[in-house]
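Student: test case, fold it:
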Amino acid sequence: MIKKIFALLLLSFLVIGAASAADFKLNDGFEQVTEFFSTNNETGMTICTWDYDDNVKEYYLQNDTDYIIVEGDNNTYNTTEHTSSEMGDVMNYMTSGNIGLSYGVLEIAEHNGNKYVIYAYMEKATPDDWKACYDELMKFNENNNIEPIADAI
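Tutor: Here you go, the predicted model:
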């Protein structure tokens with residue numbers, strides 16, 4: 001997950017007029033960290049906003065060996081990503097079950113005439129955290145008067 005976010009962040013700096021968290025009203029408890037990311041230190045959740053472009057499609061809207069995306073509720077998509085080393089995973093699965101995974105919910109939405117990918121996720125989470133990510137994403141949508149685009153992927 002970190003590698004994907006870092007790579008996308010670097011590519012996004014090259015895009016003129018890139019999406020910005022500052023373009024959106026943040027949910028209560030979230031603080032803007034960069035122009036693309038806001039976090040809630042209490043819950044450990046991050047909300048990202050990016051322009052909907054080929055770079056985002058390549059990194060976040062396709063399945064690969066470590067990243068899975070499936071259709072979710074209300075035109076959203078559930079994601080999970082493997083984030084630990086192979087040996088670390090073995091130890092984590094034996095002791096805690098799900099540590100080392102990221103879980104999130106993303107959507108494609110229109111705001112002020114532009115398309116964005118909006119992604120709420122938690123690292124070192126459990127499958128139960130999908131619901132928390134979904135709920136926070138729906139609050140974000142309500143705060144910004146946006147709706148996910150149907151059948152976007």
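Student: spell out, range by range, the helices that occur in the protein.
Tutor: Along the chain, counting by DSSP state H, helices occupy 2-13, 54-60, 86-95, 129-144.
Student: okay, and the beta partners of the closest residue to residue 137 other than its chain neighbours?
Tutor: Nearest in space to residue 137, with sequence neighbours left out and distances taken as C-beta to C-beta, 6 or more residues apart in numbering, is residue 120 at 4.4 Å. (C-beta placed from N, C-alpha, C; glycine too.) Applying DSSP bridges to residue 120 gives these bridge partners: residue 47, residue 105.
Student: how about residue 120, what does it touch?
Tutor: Neighbouring residues of residue 120 by C-beta atoms under 8 Å, 6 or more residues apart in numbering: 45-48, 104-106, 133-134, 136-137, 140.
Student: and those residues, which of them are buried?
Tutor: Buried by 16 or more other C-beta atoms under 10 Å: 45-48, 104-106, 133-134, 136-137, 140, out of the contacts of residue 120.
Student: residues contacting the residue nearest the centre of the chain?
Tutor: Centroid-nearest residue in the chain: residue 119, 2.7 Å away (criterion: C-alpha atoms, centre = their mean). For residue 119, the contact set (C-beta under 8 Å, 6+ apart) comprises 47-50, 60, 79, 104-107.
Student: for residue 25, same thing?
Tutor: Here residue 25 is in contact with 143-144 (criterion: C-beta under 8 Å, 6+ apart).
Student: now do it against residue 122, distance only.
Tutor: With the distance defined as C-beta to C-beta, to the nearest Å, residue 25 ends up 21 Å from residue 122.
Student: which strand residues bridge the closest residue in space to residue 74 that isn't next to it in sequence?
Tutor: Closest residue to residue 74 apart from its sequence neighbours, by C-beta to C-beta, 6+ apart: residue 148 at 6.2 Å. Counting by DSSP bridges, residue 148 is bridged to residue 109.
Student: okay, residue 148: pLDDT?
Tutor: As predicted, residue 148 sits at a pLDDT of 91.
Student: right, and it touches residue 110 too?
Tutor: No: under the criterion of C-beta atoms under 8 Å, residue 148 is not in contact with residue 110, lying 9.5 Å apart.
Student: got JSON lines for the buried ones among the contacts of residue 120, with distance to residue 31 and pLDDT too?
Tutor: Listed next are those as JSON lines, based on distance: C-beta to C-beta, whole Å; pLDDT from 0 to 100:
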{"residue": "45", "distance to residue 31": "12", "pLDDT": "96"}
{"residue": "46", "distance to residue 31": "11", "pLDDT": "96"}
{"residue": "47", "distance to residue 31": "11", "pLDDT": "96"}
{"residue": "48", "distance to residue 31": "14", "pLDDT": "95"}
{"residue": "104", "distance to residue 31": "19", "pLDDT": "93"}
{"residue": "105", "distance to residue 31": "20", "pLDDT": "95"}
{"residue": "106", "distance to residue 31": "20", "pLDDT": "94"}
{"residue": "133", "distance to residue 31": "18", "pLDDT": "96"}
{"residue": "134", "distance to residue 31": "21", "pLDDT": "96"}
{"residue": "136", "distance to residue 31": "14", "pLDDT": "97"}
{"residue": "137", "distance to residue 31": "17", "pLDDT": "97"}
{"residue": "140", "distance to residue 31": "14", "pLDDT": "97"}
